[in-house]
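A.B. asks: mind folding the following:
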Amino acid sequence: MTQSTKRTVDKYLVTFSRLGDRGAQEQLVIRYQKKFLGHAYRLLGDTEQARDAVQDGWIDILRGLPKLQDDGAFPAWAFRIITRKCARHITGSQKHRVVLQTMSDEPGPDHMGEDEIERAADRKPLHEALAKLPAEHRGAVALFYLEDMSVAEVAVALDIPAGTVKSRLMNARKKLRAALEGEDHG
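C.D. replies: This next block holds a predicted model:
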């Protein structure tokens, strides 16, 4: 499915969800649940806190849909809600945060073919370098590269200026390059 087709389907689902169509709301949740969980986990570093933040976020998202004026703005608007829920969890939490271990849900070697194991091993240094980035950089990188959002959409999702998004992306790329080059030369 192309990116424009995905966005068209999203707009359709948002439109019908706003009108109270339960089936469309369920499909919207199915399409975005994993993305929101991944985003929340990258920001919080804890699976349970991420689930709680996303669950709280969905309540606000579904209640706020009737007020959303541009159906095409749904992804950035919804990610912004999830980001704010994560910020509240960070602020309200007295626990020590767990260090992020990985950015993706890669299956273990027991469930992978030889080619998949080799590809996963090739990606390991990148995932380790990503895990070492500050949460705000991980969030910007993930939304920009993994969710294929524009700088403006990332800015809305993270509730920061576009210039800050660009700065975070630039700094994250520098840190990733240094970490990966260090791996090659060290």
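
A.B. asks: and the nearest residue to Pro161 once chain neighbours are set aside, how many neighbours?
C.D. replies: Counting by Cβ to Cβ, 6 or more residues apart in numbering, Pro161 lies nearest to Ala155, which is 6.1 Å off, once chain neighbours are set aside. In this view, the C-beta of every residue, glycine as well, is placed from N, C-alpha and C. Around Ala155 there are 21 other residues, counting by other Cβ atoms under 10 Å.

A.B. asks: cool, Leu146 as well?
C.D. replies: For Leu146, using other Cβ under 10 Å, the count is 14.

A.B. asks: that one and Gly20, how far apart?
C.D. replies: Taking Cβ to Cβ, to the nearest Å as the measure, Leu146 falls 31 Å from Gly20.

A.B. asks: wait, what's in contact with the residue nearest the centre of the chain?
C.D. replies: Taking Cα atoms, centre = their mean as the criterion, His39 is the residue nearest the geometric centre of the chain, at 2.8 Å. Residues near His39 by Cβ atoms under 8 Å, 6 or more residues apart in numbering: 79, 82-83, 86, 139, 142-143, 147.

A.B. asks: would you point out the most distant pair within those?
C.D. replies: Using Cβ to Cβ, those span at most 15.1 Å, a distance reached by Cys86 and Glu147.
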